[in-house]
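Q: this is a predicted model, with the sequence first.
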Amino acid sequence: MVTFVIRRLITAIFLLVVVSIITFAIFFLIPRLAGQNAYELATQYVGRNPTRAAILQMEAKLGLNEALPVQYWHFLVGIVAGTHYNDGPSVTYCPPPCFGYSFRNQQPVWPQLVAALPVTVSLAIGAAILWLVGGVAIGVLSALRRGTFFDRFSMAVALAGVSLPIFFTGLISLELFSYKWALFPNVTWVPITQNPALWARNLVLPWVTLAFLYAALYARLTRAGMLETMNEDFIRTARAKGLRERTVVVRHGLRAALTPILTIFGMDLGLLLGGAVLTETTFSLPGLGQFTILAIQNQDFPEIMGVVLLAAFFIVVANMLVDILYAVVDPRVRT
Amino acid sequence: MALLEVSDLRVRFSTDDGLVKAVDGLTFSLDRGRTLGIVGESGSGKSVTSLAIMGLHRGRAGQHGAGKQAGTEVTGEIRLDGEDLVTASDERVRQLRGSKMAMIFQDPLTALHPYYTVGAQIIEAYRVHNNVSKQVARKRAVDLLGRVGIPQPAVRVDDYPHQFSGGMRQRAMIAMALSCDPGLLIADEPTTALDVTVQAQILDLIVDLQQEFGSAVVIITHDLGVVAELADEVLVMYAGRAVESGPALNVFQQPAHPYAWGLLASMPRLDVARVERLKPIPGTPPSLINVPPGCPFHPRCAYPAQVGGDRCRTEEPALNEIAAGHRAACHLTAAKRREIWASIDPARAPEPGDAPDPAEPPADLADPADLADPADLADPADLADLADPAEPPAGPAELADPAEPLSDDGRPAPEAGTVTEVEAP
């Protein structure tokens, strides 16, 4: 088990390096392959209507004339030790961990990510708890009451849930619960450290909206998994032992049916932590998703690169945790 | 009073295609310490019978997923120790399951939960019916694992099923089934999924444990070799009903039903030179939704002409006693039956005046080991050999015969003694 975890950790680190290389290549190698020279590339890192001098300055600061491996090495060193963007006359310092410096906003990328992160984490974790509990519960009940009204109804709602986009359900819920009935007025971001009650109240609508989509998916998955598992031979064995039906369903059925759900849950959560773009945009939450949208709109390459790396980090870590958790849950994976 | 008494058991499933009569008027009984072999093709109702006894067909209407369980109807009587299981409450049947009656399934890998240790699963089975601490139950689990022949039981108790070999898994299943010392043990094809070399060990284990625990055992199988080795009594099922039943010796030596003849003739033999092909039973088992009128076997039977008239097609034969304890449901007359069986199997058919001689029965029917002893019987040695393919064939003469159905490694072919299975359409 220990070797398994270590092996998985090493794989994760290796994956992160590969991801960083690919990300780096997207931003610095591909433009070059497409025929852009260092000067043209530097143009994109300066503000609008730049002067030729400013562009040359940027070219020097970013070291765009250096060999690509050297540039990549500087980038890696910057994450650990910080970077001095030096064009001779002026030096721009980006403190570690330096994931790039947005010259358009005149600030390093990392602190912006750190500022946006709590919003996304609050949104994702809260919604995840809701959809996991709700989706699995509905899925199990549907499977056990297969063919009944409850099953048909909840599966119809689930189908609607997976089909309706968040910008639709989100706007409808905002219109009804926030504006019309004023149950949750003024949905804005309030940090949990500032006012936990308000933090929670303002997040209810985004949580429910986001969880609705995923709960629908999870209910269907759980239902299918339970239907399959409850027909397994070991369930018949459990009944043949004379176990109570609840024990059979929970200890023997759900335990086995939940394992694949766990994998998907890890991946979904990892993906969301990189930014719930639609939900954050719909509810004006200043999280990583909104940060990403703004960065793209502004063509702020360092910011985009930073957020891509962070999102990749979450996915790789989530993947690793899922694998390890899987080994804990399923003894067959351990060896 | 017999431990298990089944009378006029009927199990029906309503499906989209119609009413499936999986078991149709089955009657039998079984005493403590005895072994009953239920034989038949796939879809003959043998497994459904065992599930009905265990109450595992139950499922609160519309629940537990499997749609076919939703509309299951069971009528008749199943008396375990005098208590009727058909009318008993779900809760009562649950209490009896595992404690008074236990079951071993075909494939021990899928029958054991992959996520729990073997020990945990035995402990769970023991603790449902016995109010003891985990430590006590664990000790019991270790004892049982040792008893069923798992080496180092104190260590292996913490292994997961996938760390066990196939034979060990079935041993663990047996340990689990016996944890509460049940009076009735039902083994549904307990060796089908196992390696041939392991099959014999598992059968021996069941015999040993039956003697030790004094349980009644129902062995459900399509492997006539298994029945020959273990069973005191045999019940041949076809289309959800019993077509022949009786002491194992009688049924094997003097089978009275054409279906039983077919089963025996389709089995490879080691004691006769293989000049003829095996004779499969023509046709396929009937749909249990539209069971043929009259004798359900008549469309596949070669002998309706010998009965004469239209009787086989119109009149369902009753399960009549043809010898002491030996019953068969066939319109053929006793003389015709003897004549036909003698022509099918001259080697096994009794000479006039030979067995069955009530004055000289095998010493002890309850001891299946006797079945394997050729000295006791007219000529059942062939059956015993088939039952235990791991054992070398009877003599060097047979080994030398290239026509013998031996597999490449010199052992009898694994199919030996297995009825050709024909899946229901």
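A: Received, thanks.
Q: please see if the helix or strand hosting residue A:156 touches chain B.
A: In this structure, residue A:156 sits in helix A:149-163 according to DSSP states H and E. No: Helix A:149-163 lies apart from chain B when judged by Cβ under 8 Å from any Cβ of the partner chain; the minimum separation is 9.0 Å. Any C-beta I mention is one placed from the backbone N, CA and C, and that applies to glycine too.
Q: show me how far that helix is from its chain's centre.
A: Counting by Cα atoms, centre = their mean, to the nearest Å, helix A:149-163 is centred 26 Å from the centre of its parent chain.
Q: likewise stretch A:136-155?
A: Centroid separation between stretch A:136-155 and its chain, computed with Cα atoms, centre = their mean, is 29 Å.
Q: buried set for that stretch?
A: Buried residues in stretch A:136-155, counted by 16 or more other Cβ atoms under 10 Å in any protein chain shown: A:136, A:138-146, A:151, A:154-155.
Q: now swap in stretch B:299-311 and tell me
A: Those would be B:300, B:301, B:303, B:304, B:306, B:307, for stretch B:299-311 by 16+ other Cβ under 10 Å.
Q: how deep is the closest residue to the third one other than its chain neighbours tucked in, by neighbour count?
A: Looking back up the chat, that one is residue B:303. Among residues not flanking residue B:303 along the chain, residue B:258 sits closest, at 5.6 Å (Cβ to Cβ, 6 or more residues apart in numbering or on different chains). By other Cβ atoms under 10 Å in any protein chain shown, 29 other residues sit near residue B:258.
Q: close to chain A: what parts of the stretch 101-250 of chain B are there?
A: B:102-103, B:105, B:107, B:110-115, B:117, B:124-125, B:128-129, B:160, B:162, B:173, B:176.
Q: in CSV: the buried residues of stretch A:136-155, plus secondary structure.
A: Listed next are the buried residues of stretch A:136-155 as CSV, based on DSSP: H, G, I helix; E, B strand; the rest coil:
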residue, secondary structure
A:136, helix
A:138, helix
A:139, helix
A:140, helix
A:141, helix
A:142, helix
A:143, helix
A:144, helix
A:145, coil
A:146, coil
A:151, helix
A:154, helix
A:155, helix
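Q: wasn't residue B:36 part of a strand?
A: Yes: judged by three-state DSSP, residue B:36 forms part of a strand.
Q: for it, what are its contacts?
A: Taking Cβ atoms under 8 Å, 6 or more residues apart in numbering or on different chains as the contact definition, residue B:36 lies against B:28, B:30, B:216, B:217, B:218, B:219, B:231, B:232, B:233, B:234, B:235.
Q: in TSV, list those residues along with secondary structure and pLDDT.
A: Output for the contacts of residue B:36, formatted as TSV (DSSP: H, G, I helix; E, B strand; the rest coil; pLDDT from 0 to 100):
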residue	secondary structure	pLDDT
B:28	strand	94
B:30	strand	95
B:216	strand	95
B:217	strand	95
B:218	strand	95
B:219	strand	94
B:231	coil	93
B:232	coil	94
B:233	strand	95
B:234	strand	95
B:235	strand	95
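Q: next one: stretch A:20-28 to chain centre, how far?
A: Computed by Cα atoms, centre = their mean, the chain-centroid distance of stretch A:20-28 equals 20 Å.
Q: which of the residues in it are buried?
A: For stretch A:20-28, the neighbour count (16+ other Cβ under 10 Å) marks A:20, A:23, A:24, A:27, A:28 as buried.
Q: cool, stretch B:9-17 as well?
A: Using 16+ other Cβ under 10 Å as the test for burial, stretch B:9-17 gives B:9, B:10, B:11, B:12, B:13.
Q: tell me what the first one is bridged to.
A: Partner residues in beta bridges with residue B:9, using DSSP bridges, are residue B:26.
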